[in-house]
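J.: give me a model of this one.
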Amino acid sequence: MTKKLFFSWILTAWVATTLAATFTLQKTIVGGQLTPLCLPVEVTTTHFDELFAVGGIDDNGQAVLYPVARVEAGVPFVARCTETRSLTEIADVTPVTSAPAEIPLVWQGGSVQGEYGSYTWHYTTVLGSLGLASQLTFTFQDLQSMDFDVTLENLSVRRYFAQTRYDFSRTSQIQRFNNGLLARPDEPNPVTLPIPATATGEVTVSVGSTEGAADVAVVSSDAASGVCQVYNLIPQRTYYFRMEAAGTTVSQGKFHTQGHLRMIYVPSISNVRDLGGWPTYDGRRIRYGRIFRGGELDGTNNKMPPSNQADIQTMKALGVTAEIDLRWTGREGDYTGMSAYDFSEADSTFYFVDGDDYAGSHLDRPETREHYQRSFNMIVNTLRNGGGIYFHCVWGADRTGLFALVLEAILGVTPDAFFKDYELTSFSIAGLRSKNNFSGQPKYFDAYAGSTISERAANYLRTRLGISQEDIDYFRDTMLE
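T.: Below is the predicted model:
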């Protein structure tokens, strides 16, 4: 049964002695009361009657708690004892020379991460405000019927979406958000599912779009790790899961994904995301799971390691059946034009553009028009066959950004979506990509007839690329929902 408790008291967990040789614990745990803590030693249920890990904090200060048998040193947790006790009665705390002065909490959506920097427990919301842990509302989860919300966007990206709204006139805000907080801010949050302390050995989690199904993902983890992580889900969906160990269901339930953007977790590839989710002028959104954009897969130029086969298989499992390579031998050097997916130009699943098309002014060049005609026809044919497309250059930035602009213009996305999709590359190894340098690109289509950018872009495709209205309509009908 779910229940909520609210704490208004102020928590002070640690006071160091003047000699700084040991820590003197000045905290009394009141009997029956939940107490947020963070200790420099491992604790177990032998120290506390009840021990809870923190599974997430939302913008309203509500945290998900789930029962665990132990918590590692330095990891925030919540405890409860039946009787009032002093911490000195519970744990023998020895000096830890590397113990930081503070450990505030940074919410990453699926889990709470301790960052060195208060044994007074803090958390940071997506809007940047700092709150005391004593102001959290705790929601308990029964591991046999879990039901919780989780954002798929990391903290930096989520702040960017929450605090930025663009039109053609507003200047770029992206530099405020890529602050080095995360090692890979181009990667999404996982959904972190707790593994019950009773489970041992390998644990398997089946994730489905309906109860009892496993049509979305099947992932495995060692029970000793304490959690099982699921990546690459779609925002604004409800998913059902079942966790099994040794043939027995040890946890099950559902979770609801939040966010604006589907970032893709493939560690050896940079800046990968689904083109889906962006809003259009007429109130629809681009459909997820059909077109993906990102960086090169072979690490030839962008200093990433060559994509490993596990990541290639992840992309194929997401539905990618064709690749458009926007790189150019004139810039990237002696490049063979081979598909990292083992797709082939012979069966129209691979197209090496070999061009340098990165500015709106290039859209009128004969070579660019040829490149985009072939690319668009390949996309439509792939969609007709039920497949998905991955298009990329080196960084997934400028050449990829211009081609994404053409596709999004045909679909009629809003200016806010145009500019954010371009600027999100700033969270990758490609470096800063500012809306200030991109604002003029969508205006290229103003030279063509039409009352909306979608109509003007369609006129460009018909008159300059020779694309039929039938194919344009099919593309729109397939890609919008």
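J.: quick one: the helices in the protein?
T.: 87-90, 155-163, 309-317, 329-332, 366-384, 398-411, 415-423, 453-460, 469-479 (DSSP state H).
J.: what's the closest of these to Gln33?
T.: helix 87-90 (13.5 Å; CB to CB). Every C-beta, even on glycine, is put in place using the N, C-alpha and C of the backbone.
J.: returning to what we had before: identify whichever of the helices of the chain lies nearest to Leu275.
T.: Taking CB to CB, helix 398-411 is the member of the helices of the chain nearest to Leu275, at 6.7 Å.
J.: tally up the residues packed near the nearest residue to Phe241 once chain neighbours are set aside, please.
T.: In space, and not counting its chain neighbours, Phe241 is closest to Val207: 4.9 Å by CB to CB, 6 or more residues apart in numbering. Here the number of neighbours of Val207 (other CB atoms under 10 Å) works out to 23.
J.: check Lys435 too.
T.: Lys435 has 22 nearby residues by other CB under 10 Å.
J.: quick check, pLDDT for it.
T.: For Lys435, the pLDDT comes out at 93.
J.: got a list of what it touches?
T.: By CB atoms under 8 Å, 6 or more residues apart in numbering, the contact list for Lys435 reads Tyr166, Arg170, Thr171, Ser172, Ile174, Phe419, Tyr422, Glu423.
J.: give me the beta-bridge partners of the residue nearest to Phe241?
T.: Ala217, Phe241 (DSSP bridges).
J.: can you give me the distance of it to Thr171?
T.: 41 Å (CB to CB, to the nearest Å).
J.: buried residues in stretch 207-216?
T.: Val207, Gly208, Val216 (16 or more other CB atoms under 10 Å).
J.: and that stretch, how far apart are its ends?
T.: 5 Å (CA to CA, to the nearest Å).
J.: what is the burial count for the spatially closest residue to Glu42 that is not a sequence neighbour?
T.: Leaving aside its sequence neighbours, Glu42 sits nearest to Ala73 (CB to CB, 6+ apart; 5.2 Å). By other CB under 10 Å, 12 other residues sit near Ala73.
J.: pLDDT score assigned to Ser129?
T.: Per the predicted model, pLDDT is 59 at Ser129.
J.: now do Gly360
T.: pLDDT, Gly360: 89.
J.: check contacts around the closest residue to it other than its chain neighbours.
T.: Excluding the flanking residues, the one nearest Gly360 by CB to CB, 6+ apart is Tyr444, at 3.7 Å. Taking CB under 8 Å, 6+ apart, we find Tyr444 in contact with Gly360, Ser361, Leu363.
J.: one more pass at 10 Å, please.
T.: 359-364, 402, 405-406, 409, 456-457, 460 (CB atoms under 10 Å, 6 or more residues apart in numbering).
J.: looking at the residues you listed, which one is closest to Ser307?
T.: Looking across the contacts of Tyr444 and measuring by CB to CB, the closest to Ser307 is Leu402, at 23.4 Å.
J.: isn't the closest one right up against Val353?
T.: No: if you go by CB atoms under 10 Å, Leu402 and Val353 don't touch, sitting 11.5 Å apart.
J.: identify the contacts common to these two.
T.: What both Leu402 and Val353 touch, as defined by CB under 10 Å, 6+ apart, is the set Leu326, Thr368, Tyr372, Cys393.
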